[in-house]
Every structure is written in C-alpha cells, then in structure tokens.
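1. Here you go, sequence then predicted model.
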Amino acid sequence: MPEDGLLDDAQIIAAAFEDRVRELYKTFAEAVYTGEPERDATARFRRGLVSAKRVRDLALDVAKDA
C-alpha cells in the first residue's frame, strides 16, 4: 500500500470487481429464488461474470500503462 495510506489502482480495481461479482451473485440468487428458469438466470450470470472479468483485466492493463 502506498505510504499515504491510499489504495493503489490495482487494489481499487480488485475491490470494484469484488463489488460487481457480489451484485451479479445477488441478482442471480434473486432470479432463482423468484422462479426464473435456472437456465436463463445462469446464462445471464455467466455473461455478467465473463464481462466483469474482461473489464477487470482491461482496467489492470490500463493501470499498468498509466
């Protein structure tokens, strides 16, 4: 961690990714709980997770170059 106590870019990106995965999971769980077909809920969760990972990786690459 930097000396001034602030999070570095990679830590901020990791925290944002964690938050996004939590939100995706909550949406997935709610969809299954309320009776949405599991196949549809699973497909949406998978798309969201793949997208979140792609964006996280892109952001980390950009942060390295900044």
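-> Sure, I can see it.
2. who's in contact with residue 16?
-> Contact partners of residue 16, counting by C-beta atoms under 8 Å, 6 or more residues apart in numbering, are residue 56. C-beta here means a position set from N, CA and C on the backbone, and glycine is covered the same way.
3. for the longest helix anywhere in the chain, packing partners?
-> As far as residue count goes, and with DSSP state H defining each element, the longest helix of the chain is helix 38-65. In terms of contacts (3 or more C-beta pairs under 8 Å, 6 or more residues apart in numbering; DSSP states H and E), helix 38-65 is packed against helix 9-33.
4. what mean pLDDT does the helix it packs on have?
-> When the per-residue pLDDT values of helix 9-33 are averaged, the result is 97.
5. Skipping adjacent residues, who's closest to residue 59 in space?
-> Nearest-residue entry for residue 59: residue 13, 4.8 Å, with adjacent residues in sequence omitted and distances by C-beta to C-beta, 6 or more residues apart in numbering.
6. State the number of residues packed around residue 62.
-> Counted with other C-beta atoms under 10 Å, residues neighbouring residue 62 total 11.
7. do the one 3 residues further on as well
-> In terms of burial, residue 65 registers 6 neighbours under the definition other C-beta under 10 Å.
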